[in-house]
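> What follows is a predicted protein model with its sequence.
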Amino acid sequence: MPGVVEIAAEPRADARGFFARVYCPEEFAAAGVSFTSTQINLSRNGRMYTLRGMHWQDPPYAEAKLVRATRGAIHDVVIDLRRESPTFRRWIARRLDADRANALFIPEGCAHGFLTLEPDTDVLYQMSRPFVGGQARGLRYDDPGFAISWPALPAVIGEADLAWASPWRG
Ligand SMILES: Cc1cn([C@H]2C[C@H](O)[C@@H](COP(=O)(O)OP(=O)(O)O[C@H]3O[C@@H](C)C(=O)[C@@H](O)[C@H]3O)O2)c(=O)[nH]c1=O
């Protein structure tokens, strides 16, 4: 999907564990990803199969984000909502886990959501712009127009995420 990039860390392991650089704007730019973060958000998810999504914001509040699990693991999903994109309306999924320290860069114009794959999973987002309330847009994780294949049904999901209009007619 154009502009969506999985970032693999290069952990240097020793007797203590590992060390990995996980965010480097210069290296990202060299790989064609223009991204600097202004805010960092953390969500804690107690139960396995907690679902959050599918979220985005429209211009002028559109956000790019760099997402990772810092504890546990997630099944991370991106839907391309950019009309000019060759993958408009398609979705992709990646497993992100704390042990591998991998991350997904999600550009503006894409919906994002995840399902936790372990209990007590923490998800860290680096955001391209400061949060502006009241601008959240969303569609249902099970919207028939997208038919996302999830590894399990959600055990926990917020009321707001169940209330998005379905099917999405954006
Ligand atoms: C997203 C966000 C929420 N909030 C507030 C609003 C609300 O009171 C509380 C919880 O917000 P939400 O219910 O929207 O949180 P959540 O459902 O976890 O929203 C997140 O979902 C994932 C899938 C994303 O991609 C994120 O960008 C974000 O949209 O935190 C902030 O203060 N800053 C923020 O950046």
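It's in.
> is it fair to say Lys124 lies in a strand?
No, residue 124 isn't Lys; it's Leu. Yes - assessed by DSSP: H, G, I helix; E, B strand; the rest coil, Leu124 belongs to a strand.
> all helices for this protein, in order.
In the chain, the segments counted as helices under DSSP state H are 25-30, 159-162.
> Including mean neighbour count and mean pLDDT, could those helices go into TSV?
Placement of C-beta: from N, CA and C, glycine included. Putting these into TSV (neighbours: other C-beta atoms under 10 Å; pLDDT from 0 to 100) gives the following:
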stretch	mean neighbour count	mean pLDDT
helix 25-30	11	94
helix 159-162	12	98
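> Could you point out which of the ones you listed sits nearest the ligand?
When those are ranked by distance to the ligand, counting by C-beta to the nearest ligand atom, first place goes to helix 159-162 at 6.0 Å.
> Could you list the low-pLDDT ranges of the protein?
When residues are selected by pLDDT under 70, none of them lie in the chain.
> how about the residues of it near the ligand?
The interface of the chain toward the ligand, taken as C-beta under 6 Å from any ligand atom, is made up of Asn41, Ser43, Arg52, Gly53, His55, Lys65, His112, Gly113, Tyr125, Phe131, Ala136, Gly158.
> who's in contact with Gly72?
Contacts of Gly72 were listed using C-beta atoms under 8 Å, 6 or more residues apart in numbering, and they are Asn45, Asp97, Ala98, Thr116, Leu117, Glu118, Pro119, Asp120, Thr121, Asp122.
> Go through the helices of the chain and name the closest to Pro144.
Of all these, the one in closest proximity to Pro144, counting by C-beta to C-beta, is helix 159-162 (15.1 Å).
> where's the residue nearest to Leu153 when sequence neighbours are not counted relative to the ligand, distance?
Closest residue in space to Leu153, ignoring its immediate chain neighbours: Tyr49 at 7.1 Å, by C-beta to C-beta, 6 or more residues apart in numbering. Taking C-beta to the nearest ligand atom, to the nearest Å as the criterion, Tyr49 is separated from the ligand by 15 Å.
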